[in-house]
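> missing the sequence, but the structure's below:
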């Protein structure tokens, strides 16, 4: 699964991300799902909190 942070999540933008990823990764490396989130929770130092 690939999670992407976007200001305004939409299916069109997610499809654009998938198209760009297809150019870079091989077939078996492609994410099965792409999920768009408005924001990620971050620590005080700015790192993304992965648990949730």
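Now that the structure is in, tell me what you want to look at. Computed from a prediction, not measured in an experiment: that's the story for all the values here.

> what residue lies at the spatial centre of this protein?
Centroid check for the chain by CA atoms, centre = their mean gives residue 4 as the closest residue, at 2.2 Å.

> So what touches stretch 36-44?
For stretch 36-44, contacts defined as CB atoms under 8 Å, 6 or more residues apart in numbering pick out 3-10, 13-14, 48-49, 52. For every residue, glycine as well, the C-beta is placed using N, CA and C.

> of all those residues, which two lie farthest apart?
Comparing all pairs in the contacts of stretch 36-44 by CB to CB, the longest separation belongs to 10 and 49, at 24.6 Å.

> quick one: which of the contacts of stretch 36-44 is nearest residue 34?
Sorting these by how near they are to residue 34, with CB to CB, puts residue 14 at the top with 5.2 Å.

> Following the chain past the helix or strand that contains the closest one, name the next helix or strand.
For residue 14, the host element (DSSP states H and E) is helix 11-24. The helix or strand immediately downstream of helix 11-24 is strand 34-37, counting by DSSP H and E.

> Show me what counts as buried in that following strand.
34, 36 (16 or more other CB atoms under 10 Å).
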